[in-house]
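K.L.:
Dropping the sequence and predicted coords here.
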Amino acid sequence: MAAIDEAFGISIETGNKCPPLGRRILEDAKPEAISWFQNAEIKHGRVAMIATIGFMVQKSGVHFPLYLGPTGSNCFHPASDAAWLLSSTTGTTFSDIANASPLDAIGMVPMAGWVQILFAAGAFEATAYHRQYNVGGRIPGDYGYDPLGFTKREGGFESDELKSLRMKEIKNGRVAMMTMAAWVSNEMIPGALPVWHP
């Protein structure tokens, strides 16, 4: 049990101990299993942080231009007679998605779009799995992709600065996961979240 309480990501919010449910799930876990759960938390946190931005942008009605053609989606005016079709079978345009609520926009993506997303995510996941488990020797969340050179600083992952950044990423990911759960709940059941939300 001491190994669980010493795992990276345990912090003051839970009294520097693994929460009871996590402790129960991991009571007989080997270090490899703890590492797997840490990887899963970091990945879900990263996705949730991006989803939070996407949800706020879509809900606020801010749209980014598609510079390759007549999309009609400029920053604040998504309507256009010359909008590009996203799906010719359903007649859905990029402008239609720009006008939709976040959850409705997800439902408007055609099956061919979901297949592309699935294959792209699968390719990333296969690469990450290979680098994390087959190559080995990496800490959770390190997949060997660091274009800005954060890990090349003195001390690498063991430097105090990078440990602080890693902990901030985990905590922000946890907040983002809870945020997305709350926002989606409120979209599905209006009024479920009685505080400000986009």
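P.N.:
Looks like it came in fine.
K.L.:
For residue 110, grab the count of nearby residues.
P.N.:
For residue 110, the tally of surrounding residues (other Cβ atoms under 10 Å) stands at 14. Every C-beta, even on glycine, is put in place using the N, C-alpha and C of the backbone.
K.L.:
and it, what is it in contact with?
P.N.:
86, 87, 89, 90, 92 (Cβ atoms under 8 Å, 6 or more residues apart in numbering).
K.L.:
residue nearest the centroid of the chain?
P.N.:
Central residue of the chain (Cα atoms, centre = their mean): residue 47, 0.7 Å from the mean position.
K.L.:
My reading is that that one lies in a helix. Confirm?
P.N.:
Yes. The assignment for residue 47, made by DSSP: H, G, I helix; E, B strand; the rest coil, places it in a helix.
K.L.:
Identify each buried residue in the lowest-mean-pLDDT helix or strand in the chain, please.
P.N.:
Across the helices and strands of the chain, mean pLDDT, DSSP states H and E gives its lowest value to helix 2-5, namely a mean of 68. Within helix 2-5, the residues that count as buried by 16 or more other Cβ atoms under 10 Å are residue 4.
K.L.:
same for that helix, what does it pack against?
P.N.:
helix 31-60 (3 or more Cβ pairs under 8 Å, 6 or more residues apart in numbering; DSSP states H and E).
K.L.:
one more time with 10 Å
P.N.:
Here helix 2-5 touches helix 20-25, helix 31-60, going by 3 or more Cβ pairs under 10 Å, 6 or more residues apart in numbering; DSSP states H and E.
K.L.:
Which residues does the first one contact?
P.N.:
So the one you mean is helix 20-25. 1, 4-5, 7, 10, 14, 17-19, 29, 33-34, 37, 41 (Cβ atoms under 10 Å, 6 or more residues apart in numbering).
K.L.:
Mind doing that once more with 6 Å?
P.N.:
The contact list for helix 20-25 (Cβ atoms under 6 Å, 6 or more residues apart in numbering) is empty.
K.L.:
Then stretch 33-47?
P.N.:
Contacts for stretch 33-47 (Cβ under 6 Å, 6+ apart): 7, 140, 141, 173.
K.L.:
hmm, back to that, pick the most buried one from the helices and strands packed on helix 2-5.
P.N.:
helix 31-60 (a mean of 16; mean count of other Cβ atoms under 10 Å).
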